[in-house]
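> fold the following.
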Amino acid sequence: MLSLIQNSNKWSFGIGDPTFVGWLIFAAYITAAILCGRCAYFSRKNRQSKHWKFWLTITILLALLAINKQLDFQTLLTDIARNMARKQGWYDQRQGFQIFVISAIAAVGTAMIILSAGILRNNKPLSLTFIGLILLLTFIVIRAASLHSVDQIIAMEVVGIKLRYLLELAAITCIAISAAISAKSY
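Now for the predicted structure:
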């Protein structure tokens, strides 16, 4: 594994996105993690055990994603997968695999959003959390799959900001708003 990391072409240990928007997204992850942590604390304090584990899990996930935002581990994982594909001889046929992975992830993400919205229709803050989480995780995995045509689409700019940044911020914002609303109910 160490040799795969050492052979990484694009990743090096350090700040992966030192731009203003990169730091803004990092701050959004941290803020959302803190808000989710508050929900975990208050729900545990008020003996709503099933909720505190849920919120704690999201807190940890968001904290790890914040760290990843600046250390850019998905680039390392993509490099490792690329190097393995080259060694195993299927690198030139990777596009079919990437399309399959992205299509499957998009389908599962869509199904999860529909299911969670239906199941949680009586708990709107929690529904918003699930929708934000599903969108965020789907976005991250699709982005990590690194299909050139998808990268071109999410690199487009809307009001001067790349679409990928807006999508990531929108998903994090859903989670943060949900946590802020939910904290009041505990």
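> residue ranges with poor pLDDT in the protein?
1-16, 48-49, 117, 119, 144-151 (pLDDT under 70).
> show me the helices in it, by range?
2-6, 20-45, 49-71, 73-88, 94-119, 124-145, 148-154, 163-185 (DSSP state H).
> dump those helices to CSV, plus mean neighbour count.
Using the backbone N, CA and C atoms, a C-beta is placed for each residue, glycine as well. Formatted as CSV, the helices of the chain follow (neighbours: other Cβ atoms under 10 Å):
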stretch, mean neighbour count
helix 2-6, 10
helix 20-45, 19
helix 49-71, 18
helix 73-88, 16
helix 94-119, 14
helix 124-145, 20
helix 148-154, 12
helix 163-185, 19
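> residue 123 and residue 164: what is the separation?
For residue 123, the distance to residue 164 equals 30 Å [Cβ to Cβ, to the nearest Å].
> correction: the previous question concerned residue 114.
Separation of residue 114 from residue 164 (Cβ to Cβ) stands at 24 Å.
> same deal with residue 25?
Taking Cβ to Cβ, one finds residue 25 at 10 Å from residue 164.
> how about residue 172?
Distance of residue 172 to residue 164, given as Cβ to Cβ: 13 Å.
> swap in residue 178?
22 Å.
> same thing with residue 63?
Taking Cβ to Cβ, one finds residue 63 at 21 Å from residue 164.
> next one: residue 68
Where residue 164 is concerned, residue 68 sits at a distance of 15 Å (Cβ to Cβ).
> please apply the same query to residue 54.
27 Å.
> and if you look at residue 36?
23 Å.
> same check, this time on residue 81
For residue 81, the distance to residue 164 - Cβ to Cβ - is 20 Å.
> do the same with residue 64
Between residue 64 and residue 164 the distance is 19 Å, computed by Cβ to Cβ.
> also residue 30?
When residue 30 is compared with residue 164 (using Cβ to Cβ), they lie 19 Å apart.
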